[in-house]
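>>> this is the structure alone, sequence omitted:
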């Protein structure tokens, strides 16, 4: 009887390890970045989604979504005058990322609506709930990294 209990325990432990390992494997790979992230400033949440084989992000929450006049905030700093009246909510500010392996997404663009500037960008998932978003001009050495946390 004692031998049978040890075998059942070993089998249960093996199943638990396999299930945990499979769950971990599903969260490390190209789609591990999917979800909603709070920006480093805490002013916004960006939902990262997949379209085809590329990754995009859009603003889905703003700490202050309205102007002092009570109207929704718009992309007032956009260099294209035709786009300055588009709402910030729903604005796609991450575009065209490709998964490069090793929890890195590259060859993308990030738009900063506060400055009205568009930058080359790469993203690195340092752990399941921490994303480093690096915007840069030219080479990645000349840029800034913002650390985002996963919204739970």
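Done, it's in. Given the structure is predicted, the values throughout are model-derived calculations rather than measurements.
>>> check the gap between the residue nearest to residue 32 when sequence neighbours are not counted and residue 100 for me.
Nearest residue to residue 32, sequence neighbours excluded (CB to CB, 6 or more residues apart in numbering): residue 125, at 5.6 Å. No exception for glycine: its C-beta is placed from N, CA and C like everyone else's. According to CB to CB, to the nearest Å, residue 125 and residue 100 sit 11 Å apart.
>>> now swap in residue 127 and tell me
For residue 127, the distance to residue 100 - CB to CB - is 18 Å.
>>> out of the two, which sits in the busier spot?
The residue with more neighbours, out of residue 127 and residue 100, is residue 100; 14 against 8, by other CB atoms under 10 Å.
>>> show me what contacts that one?
Contacts for residue 100 (CB atoms under 8 Å, 6 or more residues apart in numbering) come out as 106-107.
>>> mind checking the SS state of it?
Here residue 100 is recorded as strand under DSSP: H, G, I helix; E, B strand; the rest coil.
>>> re earlier: confirm the residue nearest to residue 32 sits in a helix?
No - applying three-state DSSP, one finds residue 125 to be strand, outside a helix.
>>> so it bridges to which residues?
Applying DSSP bridges to residue 125 gives these bridge partners: residue 131.
>>> next up, the contacts around residue 73.
When the contact criterion is CB under 8 Å, 6+ apart, the partners of residue 73 are 62, 64-67, 87-89.
>>> so what's residue 152 scoring on pLDDT?
Reported pLDDT at residue 152 in the predicted model: 86.
>>> which residues touch it?
With CB under 8 Å, 6+ apart, residue 152 has these contacts: residue 129.
>>> and the gap between it and residue 45?
Using CB to CB, residue 152 is found at 12 Å from residue 45.
>>> what segments of the chain are strands?
Per DSSP state E, the chain carries strands over the ranges 35-38, 44-51, 54-62, 92-101, 104-112, 117-127, 130-136, 143-150.
>>> got CSV for those strands, with distance to residue 81 too?
Formatted as CSV, these follow (distance: least, CB to CB, whole Å):
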stretch, distance to residue 81
strand 35-38, 30
strand 44-51, 23
strand 54-62, 21
strand 92-101, 19
strand 104-112, 16
strand 117-127, 16
strand 130-136, 23
strand 143-150, 27
